[in-house]
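Engineer: Sequence plus the predicted model coming up.
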Amino acid sequence: MKAIWNNEIIAQSDNTINIEGNQYFPPDTVNMDFLKPSDTHTFCPWKGTASFYSVVVNGKENVDAAWYYPQAKDAAKGIEGYVAFWRGVNVVED
């Protein structure tokens, strides 16, 4: 799978995890140079508290377009630290 925004590959992996229609990328397959920490947080009853990143590519910013669970609940431990994308970031099969 690849995550692409503004003509750049943000993440690429053969080992994503699909949960609720979202592909979660292992942290070591994400180019962190394109991610900027956000102060946004949301809560999921079974996954826990999500933290967000804005995606910044070639001078353009996509606010809160990526999220991850730094301390996932037990039911979601398999995606702890993994990064998922939305808000126009294209996630496609490689």
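Structural biologist: Sure, I can see it.

Engineer: From what I see, Gln23 and Met1 are in contact.
Structural biologist: Yes: using Cβ atoms under 8 Å, Gln23 is in contact with Met1, at 5.1 Å. For the C-beta atoms, the positions are set from N, CA and C on the backbone; glycine is no exception.

Engineer: what is in contact with the two at once?
Structural biologist: Contact criterion Cβ atoms under 8 Å, 6 or more residues apart in numbering; residues shared by Gln23 and Met1: Thr16, Val91.

Engineer: who's more crowded, these two?
Structural biologist: Comparing Gln23 with Met1 by neighbour count (other Cβ atoms under 10 Å), the higher total belongs to Gln23, at 20 against 17.

Engineer: That one - nearest residue in space that isn't next to it in sequence?
Structural biologist: Closest residue to Gln23 apart from its sequence neighbours, by Cβ to Cβ, 6 or more residues apart in numbering: Thr16 at 4.2 Å.

Engineer: can you check Thr40 too?
Structural biologist: Spatially, and ignoring its direct neighbours in sequence, Thr40 is nearest to Phe52 (4.1 Å; Cβ to Cβ, 6+ apart).
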